[in-house]
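Engineer: with the input below, show me the fold.
(chains A and B)
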2 protein chains.
Amino acid sequence: MEDKLKKLKKIVGDAFELQRIAAVLDWDQQVGMPVAAAAGRARQTSLIVSLAHEKRTSAELGELLQVLVTEMENLDPDSDDYCLIKLVAREYERHTKVPAEYVAEFSHLTSLAHSKWESALAGSDFLIFKDSLEKIFRMCREYTDFFAPYEHVYDPLLDEFEPGMKTAELIAVFDKIRPQQVELIREIMARPVPDQSCLRHEFAAGRQWQLSTAAAAAIGYDFSRGRLDSVVHPFTTTFNLNDVRITSSVHTGNLNSLSSTIHEAGHAIYEQNISPRLENTPLATGVSLGMHESQSRLWENIIGRSYHFLRFFYPQIQDAFPELKTVPLDEFYRAYNTVKPGFIRIHADEATYNLHIMLRFELEVAMLEGSLAVADLPEAWNAKMKEYFGIIPPDDALGCLQDVHWSAGLIGYFPTYALGNLIAAQLWKVCREKYGSLDKAIACGRFDELRVWLSENIHCHGSKFESPELLRRITGGGIDPEIYMKYLRGKYSEIYGL
Amino acid sequence: MEDKLKKLKKIVGDAFELQRIAAVLDWDQQVGMPVAAAAGRARQTSLIVSLAHEKRTSAELGELLQVLVTEMENLDPDSDDYCLIKLVAREYERHTKVPAEYVAEFSHLTSLAHSKWESALAGSDFLIFKDSLEKIFRMCREYTDFFAPYEHVYDPLLDEFEPGMKTAELIAVFDKIRPQQVELIREIMARPVPDQSCLRHEFAAGRQWQLSTAAAAAIGYDFSRGRLDSVVHPFTTTFNLNDVRITSSVHTGNLNSLSSTIHEAGHAIYEQNISPRLENTPLATGVSLGMHESQSRLWENIIGRSYHFLRFFYPQIQDAFPELKTVPLDEFYRAYNTVKPGFIRIHADEATYNLHIMLRFELEVAMLEGSLAVADLPEAWNAKMKEYFGIIPPDDALGCLQDVHWSAGLIGYFPTYALGNLIAAQLWKVCREKYGSLDKAIACGRFDELRVWLSENIHCHGSKFESPELLRRITGGGIDPEIYMKYLRGKYSEIYGL
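Structural biologist: Here you go, the predicted structure:
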């Protein structure tokens, strides 16, 4: 077994490193590659991806797994080796169930769809994108066939991003929070709007970078094992556990770079604190998009937008932007947490964010099932916007064309953003049950208890345990939307005097 | 044949792209990777290199070559396909003659030797490095055995960096220029030293970057298909023909970044102007280190340090550094071209540079042949320094430990620097025979004639023709050291009034 395990580790370790090399190529492309180099870079990325795919689906790996999956029963189910074999077996099944021709065709389709989507967005003309999107949903439906039988047609897609999570559970969770979030927004909208004038300044870019850097470092992002760069669409990427890079984008018309950087630092702190024992294996990465998002949103929202965090950090913001010296903390805090139903998901506040997700989830499930024709998407989108937010986008660029995900074939991805919010609140509750409110520590800029607790309970495990299992180990149960709703209602009751 | 050629192109094209991906990993490491990430990055680089090696030495490639090498006789010897098959056959032979175990052992040895060398350099203690260097020369000798019989034991090593060049020719060339350069320096030293006070200012880093950027753009480096970044040891690297990056390093105590950036831009202009037809094949790169160096040094020295270039560019330097406004062009030109025998190769002026190379060449040949014991290197080094420059390094850090090359196992590499100088002068002569002196154009900042001529005669061909063949096509002959000596003596006679 020892020898077979060693061989397996070599194959999947190499595939994993190839994936990380592709991440380097992608980071470079987004951070500073000359535009003219795109075709050459695409060739290199596709070569690396196909080499990784070869290794991941190799017959040799299949043969090793056949033996190891039987023999693993002798291992401690909490051991690294057991978890590795389990993960590799699951991924091998997923990778080999999908024919190579399908993968190539889907990749070709989405690369064309992406440019169609770009044109459609630029001209706010859904028709340009319609055919591509129809094909994407048709192929996604085909994809689910490879995994039949399933409980729900959406399950195989969701499983790619949130292994172990079922659509039925997701629907049950969303059914619980939807009416509560709609009602919360209704109540908030009935209250006076906070004064937001303090956020309507020009905020110099250099100062914003300094603040972002200071905030990321304060919460525990280790700059000696990473770096912060400027990009158009911020992301976090891991080249190895000692090189986890974050990116941000600064616009002088607002202060958004601060929370955006804290968000990415949250992702990066997860990856930086994975146990070095797991390095160079597929376990050396965050376990799911939902769990990853719980980390970014815990730091961005529950911590970074909290009153106590601003007690600590607002003086630094004021030092950077002296025009805020006359604005009291309370006023800034309320302005910084203003709720306003809007068209664009990525600009949404905490109170409205999940509704943007549910809207997308419901529409993508309906299009996958065929109960909604892709041609009718804009109308359906706008109807739901009216229902949830009371507003209708003036055009599709501000409506159903705003997100890149569907054009990239990422169906099943959106719900993980909402799961991240819910899980974050649950983790926060457990941590505070252990350490008390932590308000004082946070107001002094001390985040160690929280960060170390997260590292010991989540980060260090990498992908050893599927997200639901990890959550069960920490909370004793599954997703509990009431905890998030309690957090949300508590926060806004205080701000808006509900 | 068509089908076999297609298969061959796929294999060597992939290997070539893998090599370029390794270049991305290396660039990132030198430009901005966190130090802590070195071990993780080394794993990735070695994975990529071994995948490239697998492809380059695959049995499938060998079988394809067996057929294609016969059938290529039907092709036009100037055609891309003929040149490709020829190059691939040559490299396949080289790569397969060396056993994989040797490659692994040598790579292991040099990675250890590198850290030994770093310690030795830091403490200026040759003894720390001695054993490693002995092993390196022993293994290089072993390497030459794989290629026996040869005319000269140094030939197989030289061939790696300067394909087609023989040691005998190199010795003959060096024997011609050595006494002339020694004599030239002697004459120069007998003359009054130019006033160099104008170069002893603090030159702000930001201004130096602006000047470097302006100079690189002026001579024709295309920033839309590349970029300039800051590193410790400057280099040029090609990710694809539309992404050729240069690097530089700025020290506020001198203006060296200017010529260093022009040097790298010279390398990059070569790569940027390779015919796009050759892209994604091993022909899409400069043909040899010597030919590459001819490009960098032509731009850096023959152009960049010329009086006429400074007529164009000195006003920009003065604008950047107003303290130079009172320094006349003539004075700056002489200061910028001062000859001073020194210990360090990379700081050497044009008149002394080749002697540094000959010294290293003679010593590495002697150590390879065994006529010089590695243990006696410091003594031999210092004796030659005395003989050629009349000075003796106070310690080995300023002597035989100064260069990284030997620690990296790069034996046979140094001569290409000198070849670059000689070839540059020959190319410059031919180009001026066609266009006239070009002095006026250069003084106006117009470099198109030279650049286009270089592109049409050298760059566009990539690696289609070996360096000696390419030089023959342009000049009608081989390396002619008299042309370089004439250039050198002419330039310094005027400056020093010899």
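Engineer: sec struct for the residue sitting nearest the centre point of chain A, please.
Structural biologist: In chain A, the centroid-proximal residue (CA atoms, centre = their mean) is residue A:293; its distance is 4.2 Å. What DSSP: H, G, I helix; E, B strand; the rest coil gives for residue A:293 is helix.
Engineer: distance check, it against chain B.
Structural biologist: 25 Å (CB to the nearest CB, to the nearest Å). Bear in mind the C-beta positions are built from the backbone N, C-alpha and C, glycine included.
Engineer: pretty sure residue A:405 contacts residue A:412?
Structural biologist: No: counting by CB atoms under 8 Å, residue A:405 sits too far from residue A:412 to count as a contact (9.6 Å).
Engineer: more neighbours: the two, which one.
Structural biologist: Taking neighbours as other CB atoms under 10 Å in any protein chain shown, residue A:405 and residue A:412 compare with residue A:412 leading, 28 against 15.
Engineer: check the gap between the more buried one and chain B for me.
Structural biologist: 30 Å.
Engineer: with adjacent residues omitted, what lies nearest to that residue?
Structural biologist: residue A:157 (3.3 Å; CB to CB, 6 or more residues apart in numbering or on different chains).
Engineer: give me the pLDDT for that neighbour.
Structural biologist: Reading off the confidence values, residue A:157 has pLDDT 97.
Engineer: so it touches residue A:411, yeah?
Structural biologist: Yes: if you go by CB under 8 Å, residue A:157 and residue A:411 touch, sitting 5.1 Å apart.
Engineer: hang on, the earlier thing: ok, now which ones touch the residue nearest to residue A:412?
Structural biologist: Shown in contact with residue A:157 (CB atoms under 8 Å, 6 or more residues apart in numbering or on different chains): A:140, A:143, A:144, A:368, A:411, A:412.
Engineer: tell me, how many residues neighbour the residue in the stretch 351-498 of chain A positioned nearest to chain B?
Structural biologist: Closest to chain B within the stretch 351-498 of chain A is residue A:462: 14.9 Å, counting by CB to the nearest CB. Using other CB under 10 Å, residue A:462 has 27 neighbouring residues.
Engineer: and the stretch 151-300 of chain A, which residues reach chain B?
Structural biologist: A:223, A:224, A:225, A:226, A:227, A:239, A:240, A:241, A:242, A:243, A:279, A:280 (CB under 8 Å from any CB of the partner chain).
Engineer: which residues touch the residue of the stretch 351-498 of chain A closest to chain B?
Structural biologist: Applying CB under 8 Å, 6+ apart, the residues near residue A:462 are A:274, A:275, A:278, A:283, A:284, A:285, A:286, A:287.
Engineer: residue B:53: which of those residues is nearest?
Structural biologist: Using CB to CB, residue A:284 is the member of the contacts of residue A:462 that lies nearest residue B:53, at 25.8 Å.
Engineer: wait, that closest one touches residue A:278, no?
Structural biologist: Yes: using CB under 8 Å, residue A:284 is in contact with residue A:278, at 4.4 Å.
Engineer: how is chain A divided into domains?
Structural biologist: The record's domain parsing of chain A by automatic domain parsing lists A:2-97, A:125-498.
Engineer: end-to-end on the last one?
Structural biologist: Right, domain A:125-498. Start-to-end span of domain A:125-498 (CA to CA, to the nearest Å) is 41 Å.
Engineer: tell me how far that domain is from the chain's mean position?
Structural biologist: 6 Å (CA atoms, centre = their mean, to the nearest Å).
Engineer: one more: the first one?
Structural biologist: With CA atoms, centre = their mean as the basis, the distance from the averaged C-alpha position of domain A:2-97 to the chain average is 21 Å.
Engineer: next, see if it gets close to chain B.
Structural biologist: Yes: for domain A:2-97 and chain B, the contact criterion (CB under 8 Å from any CB) is met by A:14, A:17-18, A:20-21, A:24-25, A:28, A:32-37, A:39-41, A:43-44, A:47-48, A:51.
Engineer: export the contacts of residue A:462 to JSON lines and append columns for neighbour count.
Structural biologist: Below are the contacts of residue A:462 laid out as JSON lines (neighbours: other CB atoms under 10 Å in any protein chain shown):
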{"residue": "A:274", "neighbour count": "25"}
{"residue": "A:275", "neighbour count": "16"}
{"residue": "A:278", "neighbour count": "20"}
{"residue": "A:283", "neighbour count": "25"}
{"residue": "A:284", "neighbour count": "21"}
{"residue": "A:285", "neighbour count": "19"}
{"residue": "A:286", "neighbour count": "23"}
{"residue": "A:287", "neighbour count": "25"}
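Engineer: of these, closest to chain B?
Structural biologist: residue A:284 (10.0 Å).
Engineer: what secondary structure does that closest one sit in?
Structural biologist: Under three-state DSSP, residue A:284 falls in the coil class.
Engineer: how near is it to residue B:120?
Structural biologist: Going from residue A:284 to residue B:120 by CB to CB, to the nearest Å gives 36 Å.
Engineer: equivalent analysis for residue A:30, please.
Structural biologist: Distance from residue A:30 to residue B:120, counting by CB to CB: 41 Å.
Engineer: what's the answer for residue A:31, then?
Structural biologist: 36 Å.
Engineer: so for the two, which residue has more residues nearby?
Structural biologist: The neighbour comparison of residue A:31 against residue B:120 (other CB under 10 Å) goes to residue B:120, with 23 against 16.
Engineer: please work out which residue of the stretch 201-350 of chain A is closest to chain B.
Structural biologist: For the stretch 201-350 of chain A, CB to the nearest CB, closest residue to chain B: residue A:240, 2.8 Å.
Engineer: so how far is residue A:372 from the nearest residue to that residue once chain neighbours are set aside?
Structural biologist: Distances taken as CB to CB, 6+ apart place residue B:40 nearest to residue A:240, at 2.8 Å, with adjacent residues excluded. Remark: distance between residue B:40 and residue A:372 (CB to CB) = 46 Å.
Engineer: and those two? which has more neighbours close in?
Structural biologist: Under the neighbour definition other CB under 10 Å, residue B:40 and residue A:372 were set side by side, and residue B:40 has more, 22 against 19.
Engineer: shouldn't the more buried one be in contact with residue A:225?
Structural biologist: No: using CB under 8 Å, residue B:40 makes no contact with residue A:225, being 10.0 Å away.
Engineer: show me whatever sits in contact with both of these two.
Structural biologist: Here residue B:40 and residue A:225 share the contacting residues A:241, A:242, A:243, scored by CB under 8 Å, 6+ apart.
Engineer: adding neighbour count and pLDDT, write the residues you listed out as a markdown table.
Structural biologist: What follows is those, written out as a markdown table (neighbours: other CB atoms under 10 Å in any protein chain shown; pLDDT from 0 to 100):
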| residue | neighbour count | pLDDT |
| --- | --- | --- |
| A:241 | 22 | 97 |
| A:242 | 22 | 97 |
| A:243 | 26 | 97 |
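Engineer: filter those down to the ones in strands?
Structural biologist: residue A:243 (DSSP state E).
Engineer: mean confidence for the strand or helix carrying residue A:170?
Structural biologist: Assigned by DSSP states H and E, residue A:170 falls within helix A:167-189. The pLDDT scores in helix A:167-189 average 96.
Engineer: just checking, next helix/strand downstream of it?
Structural biologist: Helix A:167-189 is succeeded, C-terminally, by helix A:205-219 (DSSP H and E).
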